[in-house]
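S.K.: starting from these lines, generate the structure:
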Amino acid sequence: SLSASSSSSSSLSSAQTASQRPLDWELALRWSRPPAPLPLADSELAVRHYVATLRKLVTDAVHKRLMADVPLGSLLSGGVDSSIVAAVAALRVAPARLHTFCASAVDAGGKPLGSDLEAARLCAAHIGTEHHEVLYTAADIRRYLPRIVRSAATYDRDVVRSCIPAFFVYHAARHGPERIHVLLSGDGADELFCGYPFFRLHAGDRAQLHRWACVSTAALAVSNLARVDRISMACSLEARVPFLDERLVRFAMRTLPPELKMFAQGRPENGELSKWCLREAFADLLPSEILWRRKEPFDEASGTTGVLDEALKSLCDRFDVDAYRAAHPTAGIRSADEAIFHRLLHDRTADELSDLDVLDERIGSVDTPEVEEQMANQMDEETLGSPSDLSPNCEDEFHRTASLLSRGSREYFGRSRELAREKGWVMG
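M.R.: Numbers count the residues shown, from 1 in each chain. Predicted coordinates for the structure are as follows:
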């Protein structure tokens, strides 16, 4: 759910979460009527008003979330959303220097595999933060993946892949020498301001563009916010999400014309430019390389995709996905890596299952749901490691409910990367 201060600070039970999801869906339906279009007369003046109002609301939202009596920092991936949050926060805390953090996968030789690291360095130097880089390898993923999957409480492939860099950066910020307790995040901006590639499919229809912005924002409860909440809490860290400030969300959904999110000056003849109003509002704070940087999925920009495939290769080569699907017909497993995530989430037969090497030795067997449930019942909370872990049945129900809620948006989310490549889109 959307909060005035941050995403919720504790993981909800499956039943509680399921009971709240219809409210999110109703929110999307209530806001499905788009705001009034730009006035034909004095449109330039109206655009300046909208952009200035947006800047003030974002700035106020960031300032509100800087109130803390513990060490505070900000995520900085080098994307426009996290860069705006970090830049506004850095100005507010000056002359003190804001701590910023970026995570990136590296190969065996220590070479970064994604584009985030270089972009974050550029932005951090421009806005003057104390910047920290968190590097991880395929071996690190093999060691921590079971903990990440169980903390995320899902086996959804897309969610788990984005949870991996989030876990490493949250863990390093909280348990490093800076002992950060609160991190600001740029999540939510892509949903509010039409930043995903699939929004381009509706660029010519302002009603559909706005409708899908509402659906994407409502689906945050089972997508990006689930990742932010659960992974940050697993690292004993509070994540705050300024873009989901209540006043800002209401402005973006009820007042801001959808065409300002997709076209420069709100005019289609100027060409498509996702999140134009947000970029324009903070054009003076960021270097042009960051302001106009193309949209990349978190797991790809951090280099996680390649090292995760490397970490899972030995398991995927020997994993009988068809047999596992047959043993878990209600789970909706889509791929070999998703089957492995499902197994990690439910395989609680050994206390020593702390990394993938243990699972690698056991991967030949496929446990039935009845056996898994009996095994889970034999484990107490101390053995499980977290009282928030879900039983296999609860997790399958959670997965089905999440898919049902956002079935329309998930269909588009799944096609976003392919569409971006096929169309040659360079802006998110």
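S.K.: rest of the way, CA atoms for contacts and neighbours
M.R.: Noted.
S.K.: and the nearest residue to residue 274 once chain neighbours are set aside, how many neighbours?
M.R.: The shortest distance from residue 274 to any non-neighbouring residue, by CA to CA, 6 or more residues apart in numbering, is to residue 262 (4.5 Å). Residue 262: 28 surrounding residues under other CA atoms under 10 Å.
S.K.: secondary structure element for the residue lying closest to residue 276 once chain neighbours are set aside?
M.R.: In space, and not counting its chain neighbours, residue 276 is closest to residue 261: 5.3 Å by CA to CA, 6+ apart. Take DSSP states H and E as the rule and residue 261 turns out to sit in helix 259-262.
S.K.: now residue 239
M.R.: For residue 239, the enclosing helix or strand under DSSP H and E is strand 238-240.
S.K.: circling back: the helix holding residue 261 packs against which elements?
M.R.: Helices and strands touching helix 259-262, by 3 or more CA pairs under 8 Å, 6 or more residues apart in numbering; DSSP states H and E, are helix 276-281.
S.K.: I would like the residues contacting the helix it packs on, please.
M.R.: Defining contact as CA atoms under 8 Å, 6 or more residues apart in numbering, one finds that helix 276-281 is touched by 51-52, 54-55, 80, 193, 260-265, 291-292.
S.K.: just say helix, strand or coil for residue 132.
M.R.: Using DSSP: H, G, I helix; E, B strand; the rest coil, the structure places residue 132 in strand.
S.K.: tell me the bridge partners for it.
M.R.: Here residue 132 sits in beta bridges with residue 101, going by DSSP bridges.
S.K.: how about the contacts made by it?
M.R.: 99, 100, 101, 102.
S.K.: the last one contacts residue 136, correct?
M.R.: In other words, residue 102. No - in this structure residue 102 lies outside contact range of residue 136 using CA atoms under 8 Å: 11.3 Å.
S.K.: so these two - more neighbours on which side?
M.R.: residue 102 (28 against 22).
S.K.: which residues does the more buried one contact?
M.R.: Counted by CA under 8 Å, 6+ apart, residue 102 has contacts 75, 76, 77, 116, 117, 120, 131, 132, 133, 134, 169.
S.K.: next, count neighbours for the second one.
M.R.: A count of neighbours around residue 76, defined by other CA under 10 Å, yields 32.
S.K.: could you measure from it over to residue 132?
M.R.: From residue 76 over to residue 132 the distance is 9 Å, taken as CA to CA, to the nearest Å.
S.K.: tell me, what's touching these two both at once?
M.R.: 100, 101, 102.
S.K.: pipe these into a markdown table and attach distance to residue 319 per row.
M.R.: Shown next, in a markdown table, are the shared contacts of residue 76 and residue 132 (distance: CA to CA, whole Å):
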| residue | distance to residue 319 |
| --- | --- |
| 100 | 40 |
| 101 | 36 |
| 102 | 33 |
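S.K.: I'd like the residues you listed laid out as a markdown table, including pLDDT.
M.R.: Output for the shared contacts of residue 76 and residue 132, formatted as a markdown table (pLDDT from 0 to 100):
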| residue | pLDDT |
| --- | --- |
| 100 | 97 |
| 101 | 97 |
| 102 | 96 |
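S.K.: the residue nearest to residue 276 against residue 196, yeah?
M.R.: No - look at residue 261 against residue 196 with CA under 8 Å: they stay out of range, at 11.3 Å.
S.K.: which residues sit in contact with residue 137?
M.R.: The neighbours of residue 137, taking CA under 8 Å, 6+ apart as the test, are 105, 106, 107, 108, 307.
S.K.: pretty sure residue 193 sits against residue 273.
M.R.: No - with contacts defined as CA under 8 Å, residue 193 does not count as touching residue 273, sitting 10.9 Å away.
S.K.: which stretches in the stretch 251-400 of the chain count as helices?
M.R.: All helices of the stretch 251-400 of the chain, identified by DSSP state H, counting those that start in this stretch, fall at 259-262, 276-281, 288-291, 298-301, 304-318, 321-327, 336-346, 356-362, 369-377, 381-384, 392-405.
S.K.: ok, residues contacting the fourth one?
M.R.: Right, helix 298-301. In contact with helix 298-301 (CA under 8 Å, 6+ apart) are residues 114, 115, 116, 161, 162, 164, 165, 305.
S.K.: quick one: which of the residues you listed is nearest to residue 238?
M.R.: Nearest to residue 238, judged by CA to CA, of the contacts of helix 298-301 is residue 165 at 16.4 Å.
S.K.: picking that back up, mean pLDDT lowest for which of the helices of the stretch 251-400 of the chain?
M.R.: Here the lowest mean pLDDT among the helices of the stretch 251-400 of the chain goes to helix 381-384, at a mean of 30.
S.K.: ranges for the helices of the stretch 51-200 of the chain?
M.R.: For the stretch 51-200 of the chain, the helices defined by DSSP H, counting those that start in this stretch occupy 80-93, 116-127, 138-152, 157-175, 189-192.
S.K.: contacts for the longest one?
M.R.: I take that to be helix 157-175. Helix 157-175 has contacts (CA under 8 Å, 6+ apart) with 101-105, 134, 136, 141, 145, 148-149, 152, 154, 179-181, 223-224, 227-228, 231-232, 235-237, 298-299, 302, 304-305, 337-338, 341.
S.K.: and it, what's buried?
M.R.: 157, 159-174 (16 or more other CA atoms under 10 Å).
S.K.: and the spatially most central residue of the chain, how far is that from residue 345?
M.R.: Nearest to the mean C-alpha position of the chain, counting by CA atoms, centre = their mean, stands residue 224 at 3.7 Å. Distance of residue 224 to residue 345, computed by CA to CA: 19 Å.
S.K.: how about residue 146?
M.R.: As defined by CA to CA, residue 146 lies at a distance of 7 Å from residue 345.
S.K.: surely residue 46 and residue 52 touch.
M.R.: No - with contact defined as CA under 8 Å, residue 46 and residue 52 do not form a contacting pair (9.9 Å).
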